[in-house]
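>>> Fold the stuff below for me.
(one chain, ligands or ions: 3)
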Amino acid sequence: MRNVSGQDTGHVKTQQQEVALIKVPFGLAGARNGAELGPDELITAGLKREIASLGFPLNREVRVDCPAQSATPLGRKTVKYLNEVQQVSEHVCQEVASALEEGAFPVVLGGDHSVAIGTLAGLTAHYNNLGVIWFDAHADLNTEEHSLTGNMHGMSVAAFLGHSTFNLSQIKGAGSFVHPSNLVYIGLRDVDDYEKEQIRALGIRAFTMHDIDRMGMQHVIDQAMVIAGDGTEGIHVSFDMDCLDPREAPGVGTPVPGGLSYREAHFAMECLAANNRVVSMELVEVNPLLDQNRHTARLGVGLIASLLGKSIL
Ligand SMILES: NC(=[NH2+])NCCC[C@H](N)C(=O)O
Ligand SMILES: [Mn+2]
Ligand SMILES: [Mn+2]
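Numbering: from 1, shown residues only. Ligands and ions are numbered 1, 2, ... in the order given. Predicted structure coming up:
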């Protein structure tokens, strides 16, 4: 990866590194229809042009085959579309793992946040000890038993930590669970009671909006890079667009007031780009049906570009 001065910053990512675009048009695990349109919307908003102008060749551009809505959600009544999530996760896992084998940098485009289960499956196939920075208003730490909604986009973190019944071990090709000490949240402000208990019980580090208000994004992102980066083989950035304030990113299925500003989000991405430990990213929960003038998709494209090293000067 190029750092902010345009220099090659070492082994993880170089200017010549290829980017693997993995589009996952899957929205059945979210709260509202429309997240399945996210990948195409990000492409329409100019993502490929941005990646090309940063100098990264494309390793692949794939569209993961995703099941359409079935008449009745499969799986247990309280867990919606479990079989579909499992199927999509296996496809995403394969694409991410094979991109990594070819030395590419995966950029996974959701879709709802359940696509992270497949991304983490593929990443853990390649890395034994991975760090994760999870940008989100939500903790996505529910399990089948504890979820209040049955929406699996609220269970992805539990799945890759191995705390839900459906977890990485059920996905063909996945590696071992992520260690909770290598996970860090940024942007939390809507956390269910069970999730709060789990964050405490597992000792997961979390920077809520309160912490960002108090310490500023610079301190928060510096700490996050230490938590996810020290002693790991690399950092995966999972970016749920609802971490942003709904005034910045209205096109999301589960908006929560009081989120990150435009500059806080970009600044975090710019710091991550300069840090050179990031090995993959995903951007999820862009919902064009709820968006205004493609605003959220354009913001998403800009944030991916910042993470890939785009700087102001
Ligand atoms: N990826 C997301 N937007 N997740 C929202 C989850 C909301 C809520 N905690 C639930 O379990 O349904
Ligand atoms: Mn999420
Ligand atoms: Mn969220």
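
>>> ok, which residues in the stretch 101-250 of the chain are in contact with ligand 1?
Selection of the stretch 101-250 of the chain residues close to ligand 1 by Cβ under 6 Å from any ligand atom yields 113, 138, 140, 142, 147, 149, 151, 153-154, 192, 240, 242. In short, each C-beta sits where N, CA and C put it, glycine included.

>>> Include neighbour count when you put those residues into a markdown table, please.
Formatted as a markdown table, those follow (neighbours: other Cβ atoms under 10 Å):
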| residue | neighbour count |
| --- | --- |
| 113 | 31 |
| 138 | 26 |
| 140 | 26 |
| 142 | 28 |
| 147 | 21 |
| 149 | 16 |
| 151 | 23 |
| 153 | 31 |
| 154 | 27 |
| 192 | 17 |
| 240 | 27 |
| 242 | 29 |
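
>>> ok, now which ones touch residue 157?
Taking Cβ atoms under 8 Å, 6 or more residues apart in numbering, we find residue 157 in contact with 116, 134, 139-141, 183.

>>> same thing with residue 178?
120, 124, 130, 132, 160-161 are the contacts of residue 178 under Cβ under 8 Å, 6+ apart.

>>> what does residue 301 give?
Going by Cβ under 8 Å, 6+ apart, the list of residues near residue 301 reads 42, 45-47, 50.

>>> Find the nearest non-adjacent residue to residue 269, please.
Excluding its sequence neighbours, the residue lying closest to residue 269 (Cβ to Cβ, 6 or more residues apart in numbering) is residue 306, at 3.7 Å.

>>> any idea whether the one you found is helix, strand or coil?
Here residue 306 is recorded as helix under DSSP: H, G, I helix; E, B strand; the rest coil.

>>> isn't it right next to residue 264, touching?
No. The pair residue 306 / residue 264 is not scored as a contact, 11.8 Å apart, by Cβ atoms under 8 Å.

>>> Residue 280 pairs with what?
With DSSP bridges as the criterion, residue 280 is bridged to residue 236.

>>> ok, it - how many residues close by?
Using other Cβ atoms under 10 Å, residue 280 is surrounded by 28 other residues.

>>> How about the contacts made by it?
Contacts of residue 280 by Cβ under 8 Å, 6+ apart are 96, 100, 105-108, 119, 123, 234, 236-237.

>>> Tell me which of those residues fall in helices.
96, 100, 119, 123 (DSSP state H).

>>> Between which two of those residues is the distance greatest?
Farthest-apart pair in these is 100 and 119; separation 10.8 Å (Cβ to Cβ).

>>> With neighbour numbers in mind, choose between those two.
A direct count of neighbours by other Cβ under 10 Å for residue 100 and residue 119 places residue 119 higher, at 29 against 19.

>>> my guess is the more buried one meets residue 236, correct?
Yes. Counting by Cβ under 8 Å, residue 236 is a contact partner of residue 119 at 7.2 Å.
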